[in-house]
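Engineer: compute the structure for the input listed below.
(4 chains)
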Protein chains: 4
Amino acid sequence: MLRLRDPIHGFLHADPLEAALIGSRPLQRLRWIHQLGFTFLVYPGAEHSRFSHVLGAMHMAGRVFDNLVAKRPQLLPEREKPLARRLVRAAALLHDVGHAPFSHSAEDRFEAGIDHEEMTRRLLASAEIADLFARLGDGLELADVVALLAGRVSAERRFLAQMISGELDVDKMDYLLRDSLFCGVRYGVYDLDRLVDTLLPVVDPESGDTGLGVEAGGVHAVEALILARYYMFTQVYFNVTGKALEHHLTEWLRGEGRFWPCEPERFLEEDDHSTLAAMRRSTDVHARAVVDRRHFPLAFETREHPSVAERAAFEAAVPELQERFGERALLVARSAKDPHRLGTGRVLVVGDGGSPEPLERASDFLRHLSRIDVCRIYARAEIRDEVAAALASRLRG
Amino acid sequence: MLRLRDPIHGFLHADPLEAALIGSRPLQRLRWIHQLGFTFLVYPGAEHSRFSHVLGAMHMAGRVFDNLVAKRPQLLPEREKPLARRLVRAAALLHDVGHAPFSHSAEDRFEAGIDHEEMTRRLLASAEIADLFARLGDGLELADVVALLAGRVSAERRFLAQMISGELDVDKMDYLLRDSLFCGVRYGVYDLDRLVDTLLPVVDPESGDTGLGVEAGGVHAVEALILARYYMFTQVYFNVTGKALEHHLTEWLRGEGRFWPCEPERFLEEDDHSTLAAMRRSTDVHARAVVDRRHFPLAFETREHPSVAERAAFEAAVPELQERFGERALLVARSAKDPHRLGTGRVLVVGDGGSPEPLERASDFLRHLSRIDVCRIYARAEIRDEVAAALASRLRG
Amino acid sequence: MLRLRDPIHGFLHADPLEAALIGSRPLQRLRWIHQLGFTFLVYPGAEHSRFSHVLGAMHMAGRVFDNLVAKRPQLLPEREKPLARRLVRAAALLHDVGHAPFSHSAEDRFEAGIDHEEMTRRLLASAEIADLFARLGDGLELADVVALLAGRVSAERRFLAQMISGELDVDKMDYLLRDSLFCGVRYGVYDLDRLVDTLLPVVDPESGDTGLGVEAGGVHAVEALILARYYMFTQVYFNVTGKALEHHLTEWLRGEGRFWPCEPERFLEEDDHSTLAAMRRSTDVHARAVVDRRHFPLAFETREHPSVAERAAFEAAVPELQERFGERALLVARSAKDPHRLGTGRVLVVGDGGSPEPLERASDFLRHLSRIDVCRIYARAEIRDEVAAALASRLRG
Amino acid sequence: MLRLRDPIHGFLHADPLEAALIGSRPLQRLRWIHQLGFTFLVYPGAEHSRFSHVLGAMHMAGRVFDNLVAKRPQLLPEREKPLARRLVRAAALLHDVGHAPFSHSAEDRFEAGIDHEEMTRRLLASAEIADLFARLGDGLELADVVALLAGRVSAERRFLAQMISGELDVDKMDYLLRDSLFCGVRYGVYDLDRLVDTLLPVVDPESGDTGLGVEAGGVHAVEALILARYYMFTQVYFNVTGKALEHHLTEWLRGEGRFWPCEPERFLEEDDHSTLAAMRRSTDVHARAVVDRRHFPLAFETREHPSVAERAAFEAAVPELQERFGERALLVARSAKDPHRLGTGRVLVVGDGGSPEPLERASDFLRHLSRIDVCRIYARAEIRDEVAAALASRLRG
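Structural biologist: Residues are numbered from 1 along each chain as shown, chains lettered A, B, ... in the order given. The predicted model follows:
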């Protein structure tokens, strides 16, 4: 049993298959992918990699699973429990291997138009991973992990898929606390113990699926999780400087016609450092902006929740500005995020009696948490004031 | 210089006057008043007293003051700064001395219909306190402290009064963190450093007063403070068991015709332990409920944010129930709190340019945080089910 | 299952028997016994009671037990494990019920010369506790708890007794962290997770007993625990003011011929508040010293580790001083503690190969941690300087 | 004023010169040097760079300085204080710029036999740094920073040099807490607030220098700092795997005849990632050991505090083993560290009266903290058992 120390969760344990997966190239590559892209250039402590995050997600998967079966011993047949536990831990460990350099910074620049989920699937299909499952799987099938990551799971095991990707998934349980700690902020801190303690499996009367729900006493803990995420987006993930650097990366890739490879062996060569090394060799204006940390200054930004009119005026202004100043002289950044996915995936709240009710009904203010949708324009220093003036006259005039 | 350790703020310092005030009887009495009334019977860690809270509030007053004058050196004439600092610290230290046993639990049971603010004024008028100011005041006048506590302060010093009582006062800066720590919860945790760092004095263009405002970058820190308070109310301060015990205390006082004395010397004799000792000697049903920790069970409660109709139906039902079952067999608990006071006291946000705007305009969701207004009925165990049924048929029928 | 929040351990759980024991009078009385006696008068945050400590000790007992059986599944027969777990948790919960008011402050003033362990036994023999075990024991016998508390346990279950009282017991695992948190210090902070993770059962080749040992990798974690305790004694528990107040309490009891009752029903009436109430009614100089917080000032103290000669000179001086100034005018405080009990109870360290070795051999500097033995004399303010001069001429002359 | 968030210290501030220095190439290069070399391969969280450490050291320098002048207002003439404060902060910020890739891992492989202190001096002599001081120094001279880093300072300012390098320097004040946090351990946690609060300037009666001393009440805080460092060395910095990787790096450099450049422009090109990239291109056995994370397994290690005889036997065995198995098949690692420098630099303790005494006299057990001196041999996997057997027969026979 491998034991590791973690700043968030204390001791982490890994069984032989997990330890071998941790040592595999797709996982080790994550050591060289910053969890928060360029954020470390703004928050100096944010030097943590996606590697430590997936270890934490694996740990949380085991912890949530143990809690669910302790509460509902009939949730799964006794003999299936150990395997289901290993399944969900393996899925959490592997769910991020397809991430491009700098994580989400330029994730739409994969060859062949694939996304990072598809890249994850391709990496899991490699011989290296398949061999580890064959040798050390001890009953756990790689195919089941892949299916779980894709959300293909029986109705009575829907909660396992939701633990990996859903409103209450172990991904955000880990990253909110981890990113807060390393950034040195408290926006992402919520009450993990309380949350875990109040989760429970619930049969959705509409779909018949056994999903991940919460006791009535845990509604505020879920609200706090959702708010923590909301604040991390507005304060950290959508930080004005970090977003500029991301767009410079994307523009550099676009300008040089570069894509992240979609073939596993070549993909494994690409990480933050190989990318930075290539940018250092480039004379492109966007590469230099990143390397020399002289990003285009901000010319304009909307509020976090712009009105429909403000949004429309912004969209109308962009092509004009691009025409007038040239596309390469501007960065257009639209940073949008829904504060939760309650519209698409139900979280049910189980009260003392009666039937479960959807979270958005049980929680008064979650309904009022509106979509973040900051639109920004950055411009080359020489024309920044001109662009700002042009936009101001259009949008505020 | 007296040095004390504090679980929240680390080292606290007190100058000779402050040290003497800390040693005075009105302050020492606060050691025997639980900060959170009966909450320690629900959250075992909540054994902290109001004494340690006022030390923390004094500390925060100095810290906020230092930050404000560092940001705006012209805020006060140089030679007035040390005195203004001592003024606001003394006010924070003394602001709670008039609290009745068990803090807010039965605060409407003062003789002569006074409240705890009036009781504070009477204690401050005592010879003991006056003597300390006379001997050790070194320029600080007791009258100025009393005036500040009453909010009587010049327009250009309005921020000093708001530091003691206002949306961003040092009282809640301290108690949210303190109560969370001792209860073992995280609901009240917010980013104190960020908040203090973004406060600044603002001249309100409407009133001309120099009040306590916040930089645009601190809006989320203020939101977090307000949310922390909101959650502490719903999860801890309005806890169903704690509220029952509070009402038993009030009913015992009422039943025996007891009041908290409004004369200082007699008031100083009254604390949680003298009160509990008296309850232990009583055979009254409400006294026994507290002493034997067998409070009336809950028969009914509304949601945290009941509809107008639900609230009205509840109010209509109460007299009927009291008639039918007897007033002494029921506890009627209405626990209401506004999540902020933005309606009555403006907090201004200072952006990069233009004029300051009110916080409720700068913050999208503070507008949507609605008033907590839980109504509950507890009933003697023998009739609890009957009461519950009666209410259910009225309110849900 | 009762769930409680705790500032140190997060969520605590209690089964029906445990919940009923928590509600019993001997346990509830502990709410009114300060965990650290008069320390709250020096460290304002130290208002916590022995009640929350025993909840934490119970929690730690379960956690350590689970860890031991996870590491050594053959440690106990499968069917005995649940009962052994409940046994050690119940013992941890009940181990402190016999504590006198103000905990250790005046623990030698029991009637009939009994000590607090004997008082614990008498309380456990009461009908109230016996009834709870009879109704809710579900296989757990009160007699087994009493035997475990007395250390009467079979050789292969020696580790259970050591978990309750020994170098690595759950008592100090809890109190060091708890006392540090509430005092606002860090002296008592050690790495609990690491410690628990490295404990394991070891058969002592000398005695044949299965005791509580530690992996070689955990030696430093144990050293840290022992150091944490050492520092808490020198910095907090033996604080100069706290010790003065303890001796005033003892002297008051002695002067008035008072003893703590050894009969359970009367003992249950005695707590910190009944004691303080009695002191408030007294005109005795020692009672006044506590009530008015005007303890005798310190006239002299030795170093923490005095030389044999210094110690002897002190002991020789005491009767002379008592003769000259009168016993009632002095407080003689000898505060001694061994930093560990390794001399009397072996802790074995299990390395990679070979036989286990005693901790004091595996740890270089534990051997050098010497006994704390501070001797102090406090004297009435009027004669303090005279006493100090007399001692200085004797001890330093 | 630049504001940065830090996981350890909260908000950090930087004035215009400091901000410009932070943006300079020598400082930015530290982003790409792991603070703890290869430790992140053992403790996944230890991904932090030397960059965030020097920001923290700068912050601590200001904090300690402010505390010293608050305690001893006559310490420096009033008009010199702001400049002295900026001096010591700049020195702390710049003190580590000469570190080689992977920090201490292979710090003896500089060209021309220089060390990292000399490299620091060369970088500070570069035009980039000189220009920043010339433009933004506002009275602060680069030459004074260089002199302070070299310890060339007047007798009455000796404490400034000791703050940068000495038993109580801001370097270790920061790194112990930082490394503990990121590793997820508690070994390095000590009471920073207490330590800072008890530091004070002391004139050494022997040398006449004004050095950094401590109040008697702070002796335990200093002991805790020294112990924290001791534990971090034994548990983290001298970790068996991390040390193997360091020696593989050194052996690779040696094997390929590589050195860290001593010319500033070339040196600035060298960081952890350029080094790893070069190792990835190499087929050398030691480069592969690092890149593929397959270090030579441990064949033998002494205790942390070996006896003289054990140490001598080890030294005698090494050449024989190298002869027999070949130097390239073995790694010989001698990891030695004194737990403090009290032998060479005095720390004086100031008691209530009388003259200051050296710390090692005031602290009982610091005298007993012995030098760590672990000697290890790692060997290629194929011969590891043979090497282990050979050593065992020599050293334990």
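
Engineer: near chain B, which residues of the stretch 251-397 of chain A?
Structural biologist: With C-beta under 8 Å from any C-beta of the partner chain as the criterion, the stretch 251-397 of chain A comes near chain B at residues A:304-305, A:364-365, A:368-370. Heads up, the C-betas are built off the backbone N, CA and C, glycines and all.

Engineer: got the residues you listed as CSV, with distance to C:Tyr43, secondary structure and pLDDT columns?
Structural biologist: Formatted as CSV, these follow (distance: C-beta to C-beta, whole Å; DSSP: H, G, I helix; E, B strand; the rest coil; pLDDT from 0 to 100):
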residue, distance to C:Tyr43, secondary structure, pLDDT
A:Glu304, 44, coil, 87
A:His305, 47, coil, 87
A:Asp364, 41, coil, 74
A:Phe365, 39, coil, 75
A:His368, 44, helix, 77
A:Leu369, 42, coil, 83
A:Ser370, 47, coil, 83
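
Engineer: ok, which pair from the residues you listed is furthest apart?
Structural biologist: Distance extremes for these: the farthest pair is A:Glu304 and A:Asp364 at 20.9 Å, using C-beta to C-beta.

Engineer: how about residues contacting the helix or strand containing A:Asp197?
Structural biologist: For A:Asp197, the host element (DSSP states H and E) is helix A:192-198. Here helix A:192-198 makes contact (C-beta atoms under 8 Å, 6 or more residues apart in numbering or on different chains) with A:63-64, A:67, A:168, A:173, A:177, A:214-215, A:217-218, A:221-222, A:224-225, B:185-186, C:3, C:10-11.

Engineer: chain C contacts on chain A?
Structural biologist: A:3, A:10-11, A:193-194, A:197.

Engineer: which of those count as buried?
Structural biologist: The neighbour count (16 or more other C-beta atoms under 10 Å in any protein chain shown) marks A:10, A:193-194, A:197 as buried among these.

Engineer: would you mind measuring from the closest residue to A:Leu136 other than its chain neighbours to B:Glu256?
Structural biologist: In space, and not counting its chain neighbours, A:Leu136 is closest to A:Leu17: 4.1 Å by C-beta to C-beta, 6 or more residues apart in numbering or on different chains. Plainly put, A:Leu17 is 69 Å away from B:Glu256 if you go by C-beta to C-beta, to the nearest Å.

Engineer: out of the two, which sits in the busier spot?
Structural biologist: Set side by side, A:Leu17 and B:Glu256 show unequal neighbour counts under other C-beta atoms under 10 Å in any protein chain shown, the larger going to A:Leu17 at 20 against 14.

Engineer: so for the host helix or strand of the more buried one, mean pLDDT?
Structural biologist: A:Leu17 is located in helix A:16-23, with elements delineated by DSSP H and E. For helix A:16-23, mean pLDDT rounds to 98.

Engineer: and what of stretch A:133-148?
Structural biologist: Across stretch A:133-148, pLDDT averages out at 97.

Engineer: and if you look at stretch A:160-170?
Structural biologist: When pLDDT is averaged over stretch A:160-170, the result is 96.

Engineer: wasn't A:Gly217 part of a strand?
Structural biologist: No: looking at A:Gly217 with DSSP: H, G, I helix; E, B strand; the rest coil, it is helix, so not inside a strand.

Engineer: count of residues packed around the closest residue to it other than its chain neighbours?
Structural biologist: Nearest residue to A:Gly217 in three dimensions, chain neighbours excluded: A:Thr198, at 5.7 Å (C-beta to C-beta, 6+ apart). A:Thr198: 23 surrounding residues under other C-beta under 10 Å.

Engineer: CA atoms of the longest helix that chain A contains as CSV?
Structural biologist: Using DSSP state H, we find that the single longest helix of chain A is helix A:50-71. C-alpha atoms of helix A:50-71 as CSV (Å, rounded to 0.1, in the frame of the first residue of the first chain):
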residue,chain,number,x,y,z
ARG,A,50,-2.9,18.7,-11.9
PHE,A,51,-1.1,15.6,-10.6
SER,A,52,-1.7,16.4,-7.0
HIS,A,53,-5.3,17.3,-7.8
VAL,A,54,-6.1,13.8,-9.3
LEU,A,55,-4.6,12.1,-6.2
GLY,A,56,-6.9,14.2,-4.1
ALA,A,57,-9.9,13.4,-6.3
MET,A,58,-9.2,9.7,-6.0
HIS,A,59,-9.0,10.0,-2.2
MET,A,60,-12.4,11.9,-2.1
ALA,A,61,-14.0,9.3,-4.3
GLY,A,62,-13.1,6.6,-1.8
ARG,A,63,-14.3,8.7,1.1
VAL,A,64,-17.6,9.6,-0.4
PHE,A,65,-18.2,6.0,-1.5
ASP,A,66,-17.5,4.8,2.0
ASN,A,67,-20.0,7.3,3.4
LEU,A,68,-22.7,6.3,1.0
VAL,A,69,-22.5,2.6,1.7
ALA,A,70,-22.3,3.2,5.4
LYS,A,71,-25.5,5.1,5.3
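
Engineer: now do the buried residues in it.
Structural biologist: Neighbour-count burial for helix A:50-71, with 16+ other C-beta under 10 Å as criterion, is recorded at A:50-65, A:67-69.

Engineer: quick check: the gap between the closest residue to chain B within chain A and B:Arg229.
Structural biologist: Proximity of chain A to chain B (C-beta to the nearest C-beta) peaks at A:His368, 3.5 Å away. The gap separating A:His368 from B:Arg229 is 18 Å, by C-beta to C-beta.
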